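Chemist: I'd like to go over a predicted model; first the sequence, then the structure.
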Amino acid sequence: MKTLITDNQGTKPALPKLAFTTREAAACIGVSYISMHRLIKRGLIKSSSALRTKLIARTELERFLKESAQ
C-alpha cells in the first residue's frame, strides 16, 4: 500500500501519502466505496472529519487489516 506523492514535474523525491479519501481508502484495501462507508459508520474504521472530505489515515487502514486478519 505504498502511495507516493511527487511534484508536477516529478523532480522531487516522493513522499508517502499519510491519509486517503474514502474512495482512495476503499481502493487501497480492495473494497467498494459503499463497504468503506459502512465500515466507518459501524466504527470499525475511524475517519477524520476535520475537513469537508473524510480522510482515513494510512495507519488506521493498517490497524483495521491487522485486527481483521486475526
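Modeler: Received, thanks.
Chemist: Now do the SS call for residue 44.
Modeler: Recorded secondary structure, residue 44: coil (DSSP: H, G, I helix; E, B strand; the rest coil).
Chemist: Quick one: residues contacting it.
Modeler: By Cβ atoms under 8 Å, 6 or more residues apart in numbering, the contact set of residue 44 is 64, 68. (C-beta placed from N, C-alpha, C; glycine too.)
Chemist: Also residue 54?
Modeler: 21, 22, 40, 47, 48.
Chemist: Let's see which of those residues end up in strands.
Modeler: Using DSSP state E, the members of the contacts of residue 54 that fall in strands are residue 21.
Chemist: Any quick ChimeraX command for the buried ones out of the contacts of residue 54?
Modeler: To isolate the buried members of the contacts of residue 54 in ChimeraX, using 16 or more other Cβ atoms under 10 Å:
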select :21,22,40,47
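Chemist: In contact with residue 22, which residues?
Modeler: Residue 22 touches 33, 36, 37, 40, 47, 53, 54, 56, counting by Cβ under 8 Å, 6+ apart.
Chemist: Equivalent analysis for residue 37, please.
Modeler: residue 22.
Chemist: in what helix or strand does it lie?
Modeler: Assigned by DSSP states H and E, residue 37 belongs to helix 33-41.
Chemist: Would you mark the buried spots in that helix?
Modeler: For helix 33-41, using 16+ other Cβ under 10 Å, the buried residues are 36, 37, 39, 40.
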